[in-house]
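**Q** build me a model from this:
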Amino acid sequence: MSTPVEEIKERLNIVDIVGEYVTLKKAGANHKGLCPFHGEKTPSFTVSEPKQFFHCFGCGKGGDIFTFLQEVESVEFAEALRMLAQKAGVELKKTDPRDNNERTRLLDCLDLATSFFSTALKESKEGERARTYLEERAVSSETTTLFQIGYSGDSWDALMQFLKKRGFTNTELEHAGLVVPSPKAGGYYDRFRGRLMFPIHNTHGNVIGFGARILESGKHEAKYLNSPQTPVYNKSAVLYGLDMAKHYIKKMDATMIVEGYMDVVTAHQAKFRNVVASSGTALTEEQIRLLKRFSNNVILAFDADAAGLSAAWRGMQLAIQQGMNIKVMNLPQGSDPDELIRQDAQHFRKLAVEAKPFMEYAFDTVLAPLDLMNVQHKKKAASELLPMISLFPDKIEQTHYLQRLATLLHVDEQILRDTINRGRKKTTKLRPKTVVQEPITQPVAPKNPKNEALSERLMALLSLEIQNFPVLLQRLHVDSLEVPHLREVYKYLESQYNQSGSIERNQLVFSNEKLLLTWQTLELIGEELYSQLSLQERQQELLALLDRLERDRIKRRLQDLSTALSSAEASHDNGAIERLSTEFRILTDELKKLG
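**A** Numbers count the residues shown, from 1 in each chain. Sure thing, here's the model as predicted:
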């Protein structure tokens, strides 16, 4: 009987799973896209459908469907297994809760809390005021269910007692952000009480935290109360609604960002389904990386005042540096997306279509109250706009806005460019010096990138032409492979060959998971680099790589011998001098033969 892991791999296609995070395009036998693990403009991230394997030629990450999900979601294997099992419709056997890792336990706890709040909203007498509020905001029961909106009653510890009966401890409830310790009375009490509850999901739909809105005005409490930082919830790395919006973002190639939970709920109900919320905070680097998985285009729908622009700008600095294309909707003064959509959804759609590039919007907003005939106002305009312009990584785009500002201010473009450069120098000077401490252990030997690249190419080519392994046995010195995992694969192949006297690609069995992962990576690299070459061209490439590796090995050995000879001569060790000199001459002759 197959294991759950094997069954999941049989049912799910890695191209479909990766495609939820990366826009993939067919490229020969494989699929390619921009790597989600490092910034790049030219696709080097490759997914092999036949092998159900991925590899990035830029950062080197690679693996199977489980490896990808663990990397992209920053989760442990247990949670990746559960996520993929749910997608594949594979039932996992029930285990003792003590066997689950902490993250999985917290997710279970938060899921039960979501059900508790949802039931309270729908069935409790106390939840009537929350139901009335949603009706007044024209939120349908279908939308309420879709977003799992709930209600937390005024009880001191109703949720805590509910979850403790289901086996969760006070410590787990605190780590999930659901209860707060009571220093005076001792014990714990519910964090959320008397509030409308908006569950916050990660991109896979797991509840990781809550946003809670107060319903009664006049109370001296914050309008919104969010979950604290927990092992599963990091506010700076999540966007509300992204779990439901991600497919539409990819389809429309744009993300619309609003500020509040209700903005997202109302937008989705009105079929604006590529909408997410920053929850009132400036975009963070983690959120930008998250958005770039699905689209490089962003439309901001924030409050249309100077404060709104200022708040947006703090996050846009990072987004612009990452090469994202930012547009801003010109919302009517004092209105928000929720209100505007409910009043006139078509008008909201029109404003989205007419959204201006961020710098166009910034020019209009910054310059509107200024008199550009006044020198002080000119300086103010330059001081506000130049920092924005300086961040554009694309020099053509940067020059475009510099020329526009120079024309408006009636100053030479070079003066503005010099101002930007002075600002950069000042920032560099103010940067604190890095203090380097002496290592307290022996330093690690530096890597040899040249050898690593040659070794990888040789072994990748071998993965396609395994019948040429005897050639490697004859001509390759094992010391030529400086990369440990590649040398390990070579030694494994050598042992297989010595046992049977031959070696076949389809008969290789890797019992070691690490070896299998390395071999699959080499196969993917081999297909990418050499699949278009003829058999004769592959043979020539193999011999050329062997010669280059051997030359490099001999040169490194000659350097070591030269150092050793100097030491032997200094200590007048004639025996060592003769032995080292003989090896030096032999290797020098071999190097000459290789050319």
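**Q** if I read this right, Arg363 contacts Leu409, doesn't it?
**A** Wrong residue type there; residue 363 is Phe, not Arg. No - using CB atoms under 8 Å as the test, Phe363 is too far from Leu409 to be in contact (11.5 Å). From N, CA and C alone the C-beta is placed, and that goes for glycine too.
**Q** excluding its backbone neighbours, what's nearest Asn296?
**A** Met324 (5.3 Å; CB to CB, 6 or more residues apart in numbering).
**Q** ok, how many other residues are close to that neighbour?
**A** Per other CB atoms under 10 Å, the neighbour tally for Met324 reads 19.
**Q** next one: Ser141
**A** Ser141, neighbours per other CB under 10 Å, totals 11.
**Q** now Phe54
**A** 30.
**Q** list of residues touching the helix or strand hosting it?
**A** Element membership of Phe54 [criterion: DSSP states H and E] is strand 53-56. For strand 53-56, contacts defined as CB atoms under 8 Å, 6 or more residues apart in numbering pick out 14, 18, 35, 37-38, 44-48, 61-64, 67-68, 520-521, 523-525.
**Q** who does Gly211 form a beta bridge with?
**A** Using DSSP bridges, the beta-bridge partners of Gly211 come out as Phe198, Asn226.
**Q** so it is in contact with Phe198, correct?
**A** Yes - counting by CB under 8 Å, Gly211 does reach Phe198; the two are 4.3 Å apart.
**Q** more neighbours: these two, which one.
**A** A direct count of neighbours by other CB under 10 Å for Gly211 and Phe198 places Phe198 higher, at 26 against 22.
**Q** pull the contacting residues for the more buried one.
**A** Phe147, Ile149, Phe210, Gly211, Ala212, Arg213, Tyr240, Tyr261, Val265.
**Q** could you measure from the fourth one over to Leu106?
**A** By that I understand Gly211. Between Gly211 and Leu106 the distance, using CB to CB, to the nearest Å, works out to 17 Å.
**Q** the stretch 151-300 of the chain: strands as residue ranges?
**A** Taking DSSP state E, counting those that start in this stretch to define them, one finds strands in the stretch 151-300 of the chain at 179-181, 188-190, 195-201, 207-214, 224-226, 255-258, 275-277, 297-300.
**Q** out of those, nearest to Arg131?
**A** strand 195-201 (9.8 Å; CB to CB).
**Q** tell me the domain ranges of this protein?
**A** 4-88, 101-233, 242-363, 374-426, 449-594 (automatic domain parsing).
**Q** mind putting these into a markdown table with mean pLDDT?
**A** Formatted as a markdown table, the domains of the chain follow (pLDDT from 0 to 100):
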| stretch | mean pLDDT |
| --- | --- |
| domain 4-88 | 87 |
| domain 101-233 | 91 |
| domain 242-363 | 85 |
| domain 374-426 | 86 |
| domain 449-594 | 85 |
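**Q** just the strands in the stretch 351-500 of the chain please.
**A** 356-357.
**Q** quick one, helices of it?
**A** Along the stretch 351-500 of the chain, the segments classed as helices by DSSP state H, counting those that start in this stretch run 358-367, 375-390, 395-409, 413-430, 449-464, 469-475, 484-500.
**Q** quick one, the fifth one and helix 484-500 angle?
**A** If you take axes from the mean of the first three to the mean of the last three CA atoms, to 10 degrees, helix 449-464 sits at 40 degrees to helix 484-500.
**Q** for helix 449-464, packing partners?
**A** helix 469-475, helix 484-500, helix 513-530, helix 535-570 (3 or more CB pairs under 8 Å, 6 or more residues apart in numbering; DSSP states H and E).
**Q** centre of the chain to it, how far?
**A** 28 Å (CA atoms, centre = their mean, to the nearest Å).
**Q** what do you get for the shortest one?
**A** Distance, stretch centre to chain centre, for helix 469-475: 41 Å (CA atoms, centre = their mean).
**Q** now what about it, what contacts it?
**A** Leu458, Leu462, Tyr490, Leu493, Glu494, Tyr497, Ile503, Leu542, Leu543, Leu546, Glu550.
**Q** now the residues you listed as a markdown table including neighbour count and distance to Ser335?
**A** Listed next are the contacts of helix 469-475 as a markdown table, based on neighbours: other CB atoms under 10 Å; distance: CB to CB, whole Å:
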| residue | neighbour count | distance to Ser335 |
| --- | --- | --- |
| Leu458 | 23 | 64 |
| Leu462 | 23 | 65 |
| Tyr490 | 22 | 67 |
| Leu493 | 21 | 68 |
| Glu494 | 16 | 72 |
| Tyr497 | 16 | 74 |
| Ile503 | 18 | 71 |
| Leu542 | 21 | 68 |
| Leu543 | 13 | 71 |
| Leu546 | 21 | 70 |
| Glu550 | 17 | 72 |
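**Q** relative to Ile288, which of these is nearest.
**A** Of the contacts of helix 469-475, the one sitting nearest to Ile288 (CB to CB) turns out to be Leu458, at 38.7 Å.
**Q** surely the closest one touches Asp547?
**A** No - at 10.7 Å, Leu458 does not count as touching Asp547 under the criterion of CB under 8 Å.
**Q** got any residues that touch both of these two?
**A** With CB under 8 Å, 6+ apart as the test, Leu458 and Asp547 reach no residue in common.
**Q** next one: Ala576 from Leu591, what distance?
**A** Ala576 is 22 Å from Leu591, by CB to CB.
**Q** same check, this time on Ser335
**A** In terms of CB to CB, Ser335 sits 77 Å off from Leu591.
**Q** also Asn574?
**A** Taken as CB to CB, the span from Asn574 to Leu591 is 26 Å.
**Q** please identify the helix or strand for Lys327.
**A** strand 325-328.
**Q** strands paired with that strand, and their directions?
**A** strand 297-300 (parallel), strand 356-357 (antiparallel).
**Q** which residues outside the shortest one are in contact with it?
**A** Read that as strand 356-357. Asn325, Ile326, Lys327, Val328, Asn330, Asp364.
**Q** what about 6 Å?
**A** Lys327, Val328 (CB atoms under 6 Å, 6 or more residues apart in numbering).
**Q** count the residues that sit near Asp573.
**A** Asp573: 15 neighbours (other CB under 10 Å).
**Q** quick one on the thing from earlier: who's more crowded, Asn574 and Leu591?
**A** Leu591 (16 against 10).
**Q** list the contacts for that one?
**A** Counting by CB under 6 Å, 6+ apart, Leu591 has contacts Ile554.
**Q** and it, backbone torsions?
**A** The phi/psi pair for Leu591 (degrees, to the nearest 10) reads phi -60, psi -40.
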